[in-house]
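Student: Could you look at this predicted model? Sequence included:
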Amino acid sequence: MTRKTLVIDLDRCFGCRSCEVACKLENNVVLGARWNKVIDVGPVGDYPDIEMYFLPAMCQQCEDPECVKVCPTGASYRREEDGIILVDREKCIGCRYCMMACPYGVRTFNEEEKVVEKCTLCAHLQAIGEDPACVKICPAGARIFGDLDDPESPASIAIKEAGAENVHSLPDVGNKPTARYILHKKTAKWREN
Amino acid sequence: MSIQWALVFFLLLVGWGCGVYAASVVTVDWMGRARQIRLVSMIASLILLAVGGFVSVLHLGRPSRIFLALSKPKSGIFLEALLISLLGFVIIIYIIALKRNASDQTLKIIGTIGLIPAVILAFAIGNTYTLASRPAWDTILLPLNYFVSAAVMGTVTVSVIAARSKNADKSDVILLNRAVFISLLLQAVMIFAYLIYLGAAPFPDESRSVGRILAGDLAPLFWAGIVVLGLIVPVILTAETKKKESEFRVLLMKVQISLVCILAGGIAFRVMMFAIGTGIKNYFNVLS
């Protein structure tokens, strides 16, 4: 099995939002929509014990995705060969049920074309052997792309090196998100909310 | 979450249609009362289902591709479309049989068959929203509330139809009002149970808290719309009537006001559902 996903090193991310811009440009994301967004978590605490981190949020490429289950047309699907969740724009009827089913609110509605869109992990770039645009642009090298089921992939290596206690994921309500976030306590405490 | 008006009216109209159908079949075909309401109540039910189904299409970004929704039988939308079609089909058969002077037994059989999709549909429209991503919706109490709401709307509508029909029998209206009264009490219990669930739901957040409903920005909608209009006023108006004392026109007025209040309460509940239907996370602020 293959589970291609993003591992994001929050110790490295400094909130420049280059990934947001690269994503919009590469995928021609319409005004008002986004496929990737950097969230400020914090600051929390009292001076001088203050901490914060930046959380890039995007499709978590779930193993058991609710968005795929509820889609009435099969427009939302999980690609068998690499586990990436995609939307077939020709099949999408714009019911937005998948947006309701996503636990993270990381799908967006294209008001011009009346279809739901989301991060594709730049599937078109992968097809020519390149990494997603956000990974390529990140000046801190915080975004790591790879297959979780391949122990030699950069993503798997980054997770192994960070140690299990420093690897986090967004709340799982049975959807099994594959995206991982690396955050050491020396940087900040991981906050579920 | 922003109010999805097309879905608010879809939930209201389809539930209402199911309720009218079921209340009519039980009253007329099972209990043998108010036979004169058959045609009107069946036509009303058919219209409500048709308009409800049409309204749901307005929610789609690409309504012209609606038939693609029939390509995945496991989806909730497919089930709803199937059940609406089945129930509509049975209603048409019932009306044809009625027009051809079919026997009571035949009509009872047809009507009872239609109860199956009607009962499932009244539950299914709410069940579609039981999503793990929306903690306020992820409970069986939500579809149960819609189920009971369909019963309330259906019985009060059939009561109005019976009261306004030619050869109206006061005892039929009183009987139906008793059914409305009992279903309203059941509705009150279901709403109370739903509030208790919300208080203990996972991933607590102010946007879907009991405090927001009882004392926050949703309090006017809850107290005025759901409690006063949707429950208290119709409960008072449909409470036990002493047969000798009550004039028929007073009874008619009471049941008509009850219908309007119950529909207002039904809209208020559905609006509240969308208002508190926030996701566990909403990073892009979509459908917010």
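Tutor: Happy to help now that I have it. Residues are numbered from 1 along each chain as shown, chains lettered A, B, ... in the order given.
Student: Please make it C-alpha for all contacts and neighbour counts, starting now.
Tutor: Will do.
Student: Could you list the alpha-carbon positions for the helix or strand harbouring residue B:147 in CSV?
Tutor: Using DSSP states H and E, residue B:147 falls within helix B:141-164. Coordinates of each C-alpha in helix B:141-164 appear next as CSV, following Å, rounded to 0.1, in the frame of the first residue of the first chain:
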residue,chain,number,x,y,z
LEU,B,141,-31.3,12.1,18.6
LEU,B,142,-31.1,14.4,15.6
PRO,B,143,-32.9,12.1,13.1
LEU,B,144,-35.3,11.2,15.9
ASN,B,145,-36.1,14.9,16.4
TYR,B,146,-36.9,15.1,12.7
PHE,B,147,-39.0,11.9,12.8
VAL,B,148,-41.1,13.3,15.7
SER,B,149,-41.3,16.7,14.0
ALA,B,150,-42.7,15.0,10.9
ALA,B,151,-45.3,13.3,13.1
VAL,B,152,-46.3,16.7,14.7
MET,B,153,-46.5,18.5,11.4
GLY,B,154,-48.4,15.7,9.8
THR,B,155,-51.0,15.2,12.5
VAL,B,156,-51.7,18.9,12.9
THR,B,157,-52.1,19.3,9.1
VAL,B,158,-54.4,16.4,8.8
SER,B,159,-56.4,17.9,11.7
VAL,B,160,-56.7,21.2,9.8
ILE,B,161,-57.7,19.3,6.6
ALA,B,162,-60.3,17.4,8.6
ALA,B,163,-61.7,20.5,10.3
ARG,B,164,-62.0,22.4,7.0
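Student: Who are the packing partners of that helix?
Tutor: Secondary-structure packing of helix B:141-164 (3 or more C-alpha pairs under 8 Å, 6 or more residues apart in numbering or on different chains; DSSP states H and E): helix B:5-24, helix B:38-57, helix B:104-127, helix B:170-200, helix B:248-276.
Student: Would you tell me which one of those is buried the most?
Tutor: helix B:5-24 (a mean of 26; mean count of other C-alpha atoms under 10 Å in any protein chain shown).
Student: wait, isn't residue A:37 in contact with residue A:20?
Tutor: Yes - under the criterion of C-alpha atoms under 8 Å, residue A:37 makes contact with residue A:20 at 5.8 Å.
Student: that older thread, out of the helices and strands packed on helix B:141-164, nearest to residue B:76?
Tutor: helix B:104-127 (7.7 Å; C-alpha to C-alpha).
Student: so where is the stretch 101-250 of chain B shaky, pLDDT-wise?
Tutor: Across the stretch 101-250 of chain B, the ranges flagged by pLDDT under 70 are B:241-246.
Student: In it, which residue sits nearest chain A?
Tutor: residue B:133 (4.1 Å; C-alpha to the nearest C-alpha).
Student: which phi and psi does the closest residue to that residue other than its chain neighbours have?
Tutor: Leaving out its chain neighbours, the residue that sits closest to residue B:133 by C-alpha to C-alpha, 6 or more residues apart in numbering or on different chains is residue A:103, at 4.1 Å. Residue A:103 has phi and psi values of phi -70, psi -10 when expressed as degrees, to the nearest 10.
Student: Residue A:103: what's it in contact with?
Tutor: A:173, B:132, B:133, B:134, B:279, B:280, B:281, B:282 (C-alpha atoms under 8 Å, 6 or more residues apart in numbering or on different chains).
Student: hang on, the earlier thing: isn't the residue of the stretch 101-250 of chain B closest to chain A right up against residue B:282?
Tutor: No - taking contacts as C-alpha under 8 Å, residue B:133 lies outside contact range of residue B:282: 10.0 Å.
Student: circling back to that earlier point, mind checking pLDDT for the residue nearest to residue B:133?
Tutor: Note for residue A:103: predicted pLDDT of 96.
Student: residues in the stretch 101-250 of chain B within reach of chain A, list them.
Tutor: Within reach of chain A by C-alpha under 8 Å from any C-alpha of the partner chain, the stretch 101-250 of chain B has these residues: B:131, B:132, B:133, B:134.
Student: Pull the number of nearby residues for the spatially closest residue to residue A:117 that is not a sequence neighbour.
Tutor: Using C-alpha to C-alpha, 6+ apart and skipping residues adjacent in sequence, the residue nearest residue A:117 is residue A:108, 5.3 Å away. Using other C-alpha atoms under 10 Å in any protein chain shown, residue A:108 has 23 neighbouring residues.
Student: what about residue A:108, distance to residue B:265?
Tutor: For residue A:108, the distance to residue B:265 equals 32 Å [C-alpha to C-alpha, to the nearest Å].
Student: and chain A, which of its residues are near chain B?
Tutor: Within chain A, the positions near chain B by C-alpha under 8 Å from any C-alpha are A:34, A:37, A:39, A:57, A:69-74, A:91-96, A:99-108, A:114-115, A:173.
Student: Report the contact partners of the residue nearest the centre of chain A.
Tutor: Geometric centre of chain A, nearest residue: residue A:58, 3.3 Å, by C-alpha atoms, centre = their mean. Residue A:58 is in contact with A:35, A:36, A:37, A:106, A:118, A:119, counting by C-alpha under 8 Å, 6+ apart.
Student: Thanks a lot, see you next time.
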